[in-house]
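S.K.: from the sequence below, what's the structure:
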Amino acid sequence: MFENIIETEIKILWVSYPLLIRNLKKLWAHKVGTQYIRDRYVDTADKSLKKQWKSARLRSYGGEKFEITIKTKPEQANIDYKVRAEENLTVPTLAAGKVLLQMMWCQCKRYKEKIRVTYKIWQTTFDVDFYDDMPPVLEIEWEQNEINHYIRKLRLHDHQQVTRWAKKLFKHYGKKVNKMKMPMSEVRL
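M.R.: Predicted structure coming up:
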């Protein structure tokens, strides 16, 4: 089943994880969970799809949930937030996701792994992503006015805020998103 959403988010760099969690708890945030996530970024030879997509990925959540996500370019630009139309398709297995992508002439080119700790306050989601050899990255997602409200409440307005995609975020820290070393059909979790 496809889930269509408009995603509005901002990433905040150089957060102090213990201080952030303490401040989130003061605001009555509840912990949703901690997950190991592996994203496989997809490229396609289909030129018409390439024009429509901003990015596509096959994501596994700890080997229990699998999802294909296609992000498209927004109708209007926003320089303060990353705003993208996003279509998510849950697939029953990683193998099923690979087969579906191969049918669309897609191939995984790069991947990244992270540990994600998620908290929520009402509809606002706070994802803290931990990558190897990088400081934690906070991603706040919901509506612009709510994001601004929580940036002030959490005293994060002096932290660097970015709207970067993973590749540019990694480049910011002098890292590279990992290249796939084998055909997608052979990739394990």
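
S.K.: give the buried residues for the helix or strand Lys168 falls within.
M.R.: In the assignment (DSSP states H and E), Lys168 maps to helix 166-172. By 16 or more other Cβ atoms under 10 Å, the buried positions in helix 166-172 come out as 166, 169-170. Just so you know, the C-beta spots here come from the backbone N, C-alpha and C atoms, and that holds for glycine as well.

S.K.: one more: stretch 57-65?
M.R.: 57-60.

S.K.: residue nearest the centroid of this structure?
M.R.: Centrality entry for the chain: nearest residue to the mean C-alpha point is Ala166, 7.7 Å, by Cα atoms, centre = their mean.

S.K.: ignoring the adjacent residues along the chain, who's closest to Val177?
M.R.: The spatially closest residue to Val177, leaving aside those adjacent along the chain, is Arg110, at 4.4 Å (Cβ to Cβ, 6 or more residues apart in numbering).

S.K.: please read the previous query as pertaining to Lys54.
M.R.: Lys71 (4.6 Å).

S.K.: okay but Thr118 is in contact with Gly33, surely?
M.R.: Yes. Thr118 is in contact with Gly33 according to Cβ atoms under 8 Å; the separation is 5.9 Å.

S.K.: what sits up against the helix or strand containing Ile21?
M.R.: Assessed by DSSP H and E, Ile21 sits inside helix 17-26. Applying Cβ atoms under 8 Å, 6 or more residues apart in numbering, the contact partners of helix 17-26 are 119, 121, 126, 128, 136, 138, 153-155.

S.K.: hey, where'd the helices end up in the chain?
M.R.: For the chain, the helices defined by DSSP state H occupy 17-26, 47-52, 94-103, 144-153, 166-172.

S.K.: and those helices: which comes nearest Val83?
M.R.: Across these, Val83 has its closest neighbour in helix 144-153 (8.7 Å, Cβ to Cβ).
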